[in-house]
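Participant: Quick one, fold the following:
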Amino acid sequence: MSLKNPLENFNPNAPSTANSTLFGLPFDASNAELILISVPWEVSVSYGAGTARAVYNMLEASKQVDLFDIDSHQAWKKGIFLIPPDETILSKSDFFRSLTEAHIQSIYEDKTIDNERLADINLAMDQTREWVKATTSEWLAKGKKVALIGGDHSTPLGFMQALHDLEGEFGILQIDAHCDLRKAYEDIEFSHASIMYNALERIPGISKLVQVGIRDYCEEEYDYLLANADRISCFFDNQIQKALFEGATWREITDKIIEQLPRKVYISFDIDGLDPKLCPNTGTPVPGGFELSQIDYLLHRILAAGKTIIGFDLSEVGNGESDWDANVGARVLWKLCNRFLSNPV
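Facilitator: The predicted structure is shown next:
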């Protein structure tokens, strides 16, 4: 354990150096309260790719983020450290992504499915879930707060399982354009489009899933949502917009969202929950969505209501020709980290 105060000679007003850590912070794994685990994995993406390398792009963009955060009382000073991405996971993602592309092409061309190839893809997805669970469990056992950076939205399932082992029952606040409630998508069991179905079916301790901003979903998902109304509350984007058009305030809407959450809350933030002008290169952008300020206000209200954030993931940050998606992703990550570290307990 490092005994020296890492902030002793650190100037938060100075620019980050080329080789500095995430956000240019001076912490390491021993003295940071919050450990970020990156999962450079996007095997199941079904439209736009690039999310597997999001963490590398956000790392560079993060060095342009000003650290002063008056709203969270400078919570970042408790320490944030990003574990370097596992290159083996990235290489495996690239390999199995090529197999998935061939598999999806077979579906679209109405060809015979290669069942052996599909089995290999599903096995690789499950092995990555196990890796995520083992890795996050290791850091949680050390008493660290842990958060996860994807990759596509399939990545946090193992983390949710690790949190359940430690915390028992909790609820999920899902910020997303999609329900992600398909039993499987394109025959892939652990698809990004199935993350919340898998979470609810495999983790009985998830007492409530509260979905916010949903605006693209299929009939299968809607039927599942209705059949599980005791565990799922969905605030559809069109319903939120209608309420705002008719005079409701965002505070009134956030209060209704928060009423559905139990005391312990896990935040699953698919960046496509935002307006796609903020994330145009995310995997499956959908018109509509939120401004970042709206989500940050929701996070503030969650803490003000006495809820405890136990972890979060940020997924689906794309990789376009410019650095815009990484810039927005880094700022979303900064706010999530500071709100997480602002927990009252």
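
Participant: and Pro40, how many neighbours?
Facilitator: Look at Pro40: counted by other C-beta atoms under 10 Å, it has 24 neighbours. In short, each C-beta sits where N, CA and C put it, glycine included.

Participant: That one contacts Lys92, doesn't it?
Facilitator: No - here Pro40 does not reach Lys92: they are 9.4 Å apart, not a contact under C-beta atoms under 8 Å.

Participant: where along the protein do the strands fall?
Facilitator: Listed in chain order, the strands of the chain (DSSP state E) span 34-39, 80-82, 145-150, 170-175, 206-214, 232-236, 264-270, 308-315.

Participant: between the ones you listed, which gets nearest to Leu163?
Facilitator: With C-beta to C-beta as the measure, strand 308-315 is the member of the strands of the chain nearest Leu163 (5.4 Å).

Participant: Which elements pack onto that closest one?
Facilitator: For strand 308-315, the packing partners by 3 or more C-beta pairs under 8 Å, 6 or more residues apart in numbering; DSSP states H and E come out as strand 145-150, helix 157-167, strand 264-270, helix 292-304, helix 324-341.

Participant: in that strand, what counts as buried?
Facilitator: Using 16 or more other C-beta atoms under 10 Å as the test for burial, strand 308-315 gives 309-315.

Participant: and which of these is nearest to Ala147?
Facilitator: Taking C-beta to C-beta as the measure, Ala147 sits nearest to Phe312 out of those, at 4.9 Å.

Participant: so what's the closest one up against?
Facilitator: By C-beta atoms under 8 Å, 6 or more residues apart in numbering, the residues touching Phe312 are 147-148, 266-269, 336, 340.

Participant: Between the residues you listed, which sits nearest Pro85?
Facilitator: Here the nearest of the contacts of Phe312 to Pro85, counting by C-beta to C-beta, is Leu148; it sits at 11.8 Å.

Participant: who does the closest residue to the closest one other than its chain neighbours bridge with?
Facilitator: Nearest-residue entry for Leu148: Asp313, 4.2 Å, with adjacent residues in sequence omitted and distances by C-beta to C-beta, 6 or more residues apart in numbering. Per DSSP bridges, the residues bridged to Asp313 are Leu148, Ser268.

Participant: My guess is Asp313 contacts Gly158. True?
Facilitator: No - if you go by C-beta under 8 Å, Asp313 and Gly158 don't touch, sitting 10.7 Å apart.

Participant: So Val332 is in contact with Leu292, correct?
Facilitator: Yes - under the criterion of C-beta under 8 Å, Val332 makes contact with Leu292 at 6.3 Å.

Participant: Quick check: neighbours shared by those two?
Facilitator: By C-beta under 8 Å, 6+ apart, Val332 and Leu292 have these common neighbours: Leu274.

Participant: okay, these two: which has more neighbours?
Facilitator: Shown here are Val332 and Leu292; by other C-beta under 10 Å, Val332 has more neighbours (23 against 15).

Participant: Now do the buried residues in stretch 85-98.
Facilitator: Within stretch 85-98, the residues that qualify as buried are 85-86, 89-90, 92-94, 96-97, counting by 16+ other C-beta under 10 Å.

Participant: Nearest to Ala52 among these?
Facilitator: Out of those, the member with the shortest distance to Ala52 (by C-beta to C-beta) is Ser93, at 4.9 Å.

Participant: quick one: that closest one from Thr155, how far?
Facilitator: Distance, Ser93 to Thr155, using C-beta to C-beta, to the nearest Å: 10 Å.

Participant: Spit out the residues that contact these two alike.
Facilitator: Common neighbours of Ser93 and Thr155 (criterion: C-beta under 8 Å, 6+ apart): Trp41.

Participant: mind listing the helices in the stretch 101-250 of the chain by residue range?
Facilitator: All helices of the stretch 101-250 of the chain, identified by DSSP state H, counting those that start in this stretch, fall at 115-141, 157-167, 195-202, 219-227, 237-245, 250-259.

Participant: Select, out of these, the one closest to Asn13.
Facilitator: Of all these, helix 115-141 sits nearest to Asn13, with 30.3 Å by C-beta to C-beta.

Participant: So what angle separates the directions of that closest one and helix 157-167?
Facilitator: Interaxial angle of helix 115-141 relative to helix 157-167 (axes from the mean of the first three to the mean of the last three C-alpha atoms, to 10 degrees): 40 degrees.

Participant: ok so, going back, now the helices of the stretch 101-250 of the chain as TSV including mean neighbour count and distance to Glu60?
Facilitator: Below are the helices of the stretch 101-250 of the chain laid out as TSV (neighbours: other C-beta atoms under 10 Å; distance: least, C-beta to C-beta, whole Å):
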stretch	mean neighbour count	distance to Glu60
helix 115-141	17	23
helix 157-167	21	24
helix 195-202	21	27
helix 219-227	14	36
helix 237-245	14	31
helix 250-259	15	32
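
Participant: Would you reformat those helices as CSV and include mean pLDDT and distance to Val55?
Facilitator: Converted to CSV, the helices of the stretch 101-250 of the chain look like this (pLDDT from 0 to 100; distance: least, C-beta to C-beta, whole Å):
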stretch, mean pLDDT, distance to Val55
helix 115-141, 97, 14
helix 157-167, 98, 15
helix 195-202, 98, 18
helix 219-227, 98, 29
helix 237-245, 98, 28
helix 250-259, 98, 29
